[in-house]
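Chemist: All I have is the shape, not the residue letters:
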């Protein structure tokens, strides 16, 4: 569904606009005050999880099939779904 890609693009644009720091990305202490500078630290999961999900959302040639063949664990690692052999 293209709406998910549209939402993902809006998320990415907002991250770039509000969270980009000199050497990476930081979080905002209060999202209701977007004029504040992002914090001078980047969470360890940001690249491994947040950007991975955005990448997969826009990669049509990925072998990862998140709707039918794979699920993600809490660390954003894809795990293959095996057929029930019982």
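Modeler: Good, I have the coordinates. Predicted model, so just to flag it, every value in this text is computed and none were measured. Numbers count the residues shown, from 1 in each chain.
Chemist: pLDDT score for residue 76?
Modeler: If you check residue 76, the pLDDT there is 72.
Chemist: State the number of residues packed around it.
Modeler: 15 (other CB atoms under 10 Å). Heads up, the C-betas are built off the backbone N, CA and C, glycines and all.
Chemist: Could you pull out the strands in this protein for me?
Modeler: Counting by DSSP state E, the chain has strands at residues 20-21, 24-25, 70-72, 78-80.
Chemist: Show me what the second one is packed against.
Modeler: Applying 3 or more CB pairs under 8 Å, 6 or more residues apart in numbering; DSSP states H and E, one finds that strand 24-25 makes contact with no other helix or strand.
Chemist: I'd guessed residue 29 sits against residue 39; true?
Modeler: Yes: using CB atoms under 8 Å, residue 29 is in contact with residue 39, at 6.7 Å.
Chemist: These two: who's more crowded?
Modeler: Of the pair residue 29 and residue 39, residue 39 is the one with more neighbours under other CB under 10 Å, namely 14 against 10.
Chemist: so that one touches residue 25, yeah?
Modeler: No: with contact defined as CB under 8 Å, residue 39 does not count as touching residue 25 (9.7 Å).
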